[in-house]
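just need the structure, nothing else, for what follows:
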Amino acid sequence: MTARMKLTLSYAGIVVVSGALLLAAVGLFLLRYVPDTVDFFPNRSDLLRAFVPVAILVMIVLLVIGWAGGWWLAGRMLAPLNRIGYAAQLAAHGSLSHRVALEGPRDEFRDLADVFDSMLDQLEQNMAEQQRFAANASHELRTPLAISQTVLEVARADPDRDVDALIDRLQEVNARAIELTEALLLLSRAERRAFTRESVDLSLLAEEAVESLLPLADKRGLTIDVGGDAAHVVGNGALLQQLITNLVHNAIVHNEPENGAVTVRTHSLAEAVAVVVENTGPVLSPALVATLAEPFQRGTARTHDDDHAGAGLGLAIVQRIAQAHEGTLVLTSRVGGGLNVTVWLPHPHPGLYEPVASA
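Okay, the predicted model is just below:
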């Protein structure tokens, strides 16, 4: 039995029961005052004989009115649900562009339709992003494979090939493919939020990231300044370590060719904690900065070397890890050149923690 049929039966039942109660009230409280004697006309029996057929006819009319009116009212009430169901059916078949767009005053059905439309908007955006990401990932993964194939074909056609140079080139291409694959797996892990949580101090992670990347900074002639408050959050230590490492690494490789600088700071406020990484570098337009967190987007053209293969996933991974920890990533260009990257993460005890200045 459909919901419309159930509502129709309910409406018709209410009408019929109400009519029956009304007729019973007439019979019980009015007819009892009429004498039921032969010398009185019309007596109670006469009125009952005249009243019962009319009451039956009225009950039939009430049943018809209740059924027809209930069917119409149920259809009107369920029309928004039918529209939502139609949109859901289209979405189930892969069409995410259709919207319910329910009109009329705001009520429970309107709220439900608006929430459903918002869900479709989010699904459509996520689907488009996943398709774009899959296309970019396929292209990026195909590149090292195509390079390897070309190197092998050239080496096969060259009788005087340098085996050591061939091995070095293939190893470089293979390392790039491994780096890209690991980045994709890390990105997928952050998006699925498949990790355990624990108490983590971001200031310690920042010091570890700077220490591990200090040789790369020295090689490029950069100075790194790290400091700030003890910043405690609840999250996955490995992912948060990767987040800060990506930020510092990105700040190093996208910097001035010489005499550049990187600044790493952690802050703990009453409601949130922050990791701020600044680096010198070329002037970045606001339009370019807005796209830097997109997968496979690179801020500046550069020569790929052994230090960085340039997969274009550094800030994309940072953003996904931040979102998986209910945080946000904010990118702003620095006056004079370079980038300011701030990751905000929720404080484990908002409003209860006073920041402690580091020594």
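
could I get the full set of helices for the stretch 251-359 of the chain?
286-289, 314-324 (DSSP state H, counting those that start in this stretch).

over to the stretch 51-200 of the chain?
With DSSP H, counting those that start in this stretch, the ranges of helices along the stretch 51-200 of the chain come out as 108-157, 163-192.

just put these in TSV and tack on mean neighbour count and distance to Leu247.
C-beta coordinates here come from the backbone N, C-alpha and C atoms, glycine included. Output for these, formatted as TSV (neighbours: other Cβ atoms under 10 Å; distance: least, Cβ to Cβ, whole Å):
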stretch	mean neighbour count	distance to Leu247
helix 108-157	14	21
helix 163-192	15	14
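
okay if I get those helices as JSON lines plus mean pLDDT?
As requested, those are arranged in JSON lines below (pLDDT from 0 to 100):
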{"stretch": "helix 108-157", "mean pLDDT": "79"}
{"stretch": "helix 163-192", "mean pLDDT": "75"}
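
on that earlier part again, closest one to Ala20 among the helices of the stretch 251-359 of the chain?
Of all those, it is helix 314-324 that lies closest to Ala20, at 61.3 Å by Cβ to Cβ.

what helices and strands are in contact with that closest one?
helix 163-192, helix 237-253, strand 328-333, strand 339-346 (3 or more Cβ pairs under 8 Å, 6 or more residues apart in numbering; DSSP states H and E).

give me the mean pLDDT for it.
Averaged across helix 314-324, pLDDT comes to 85.

quick one: buried residues of it?
With burial defined by 16 or more other Cβ atoms under 10 Å, the residues of helix 314-324 counted as buried are Gly314, Leu315, Ala316, Ile317, Val318, Gln319, Arg320, Ile321, Ala322, Ala324.

dump the helices of the stretch 251-359 of the chain into TSV; add distance to Glu129 as well.
Converted to TSV, those look like this (distance: least, Cβ to Cβ, whole Å):
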stretch	distance to Glu129
helix 286-289	19
helix 314-324	10
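
compare those helices and give me the one nearest Arg156.
Going by Cβ to Cβ, the one of these nearest Arg156 is helix 314-324, 35.9 Å.

tell me what angle that closest one forms with helix 163-192.
20 degrees (axes from the mean of the first three to the mean of the last three Cα atoms, to 10 degrees).

what's the angle from helix 314-324 to helix 108-157?
Using the same axes, to 10 degrees, helix 314-324 lies at 150 degrees relative to helix 108-157.

before we move on, back to that, format the helices and strands packed on helix 314-324 as JSON lines; extra columns: distance to Leu62.
Formatted as JSON lines, these follow (distance: least, Cβ to Cβ, whole Å):
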{"stretch": "helix 163-192", "distance to Leu62": "59"}
{"stretch": "helix 237-253", "distance to Leu62": "68"}
{"stretch": "strand 328-333", "distance to Leu62": "62"}
{"stretch": "strand 339-346", "distance to Leu62": "61"}
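
surely Leu213 meets Ile244?
No. Using Cβ atoms under 8 Å as the test, Leu213 is too far from Ile244 to be in contact (10.0 Å).

which of these two has more neighbours?
For Leu213 and Ile244, the more surrounded residue by other Cβ atoms under 10 Å is Ile244, and the numbers stand at 26 against 19.

now that one. Nearest residue, chain neighbours left out?
Ala209 (4.5 Å; Cβ to Cβ, 6 or more residues apart in numbering).

and the angle for the helix or strand where that neighbour lies with helix 237-253?
With secondary structure defined by DSSP states H and E, Ala209 is part of helix 202-219. Helix 202-219 runs at 30 degrees relative to helix 237-253, counting by the same axes, to 10 degrees.

which strands and helices lie in contact with the helix or strand just after helix 202-219?
Next along the chain after helix 202-219, taking DSSP H and E as the criterion, comes strand 223-228. Counting contacts by 3+ Cβ pairs under 8 Å, 6+ apart, strand 223-228 is packed against helix 202-219, strand 261-268.

comparing those, which comes out most buried?
strand 261-268 (a mean of 21; mean count of other Cβ atoms under 10 Å).

let's see it as PDB, backbone CA atoms only.
Listed next in PDB are the C-alpha coordinates belonging to strand 261-268 (Å, rounded to 0.1, in the frame of the first residue of the first chain):
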ATOM      1  CA  ALA A 261      64.400  32.700   3.500                       C
ATOM      2  CA  VAL A 262      61.700  30.500   5.100                       C
ATOM      3  CA  THR A 263      59.900  31.200   8.300                       C
ATOM      4  CA  VAL A 264      57.900  28.600  10.200                       C
ATOM      5  CA  ARG A 265      55.700  29.600  13.200                       C
ATOM      6  CA  THR A 266      53.200  27.800  15.300                       C
ATOM      7  CA  HIS A 267      50.500  29.700  17.300                       C
ATOM      8  CA  SER A 268      48.000  28.500  19.900                       C
END
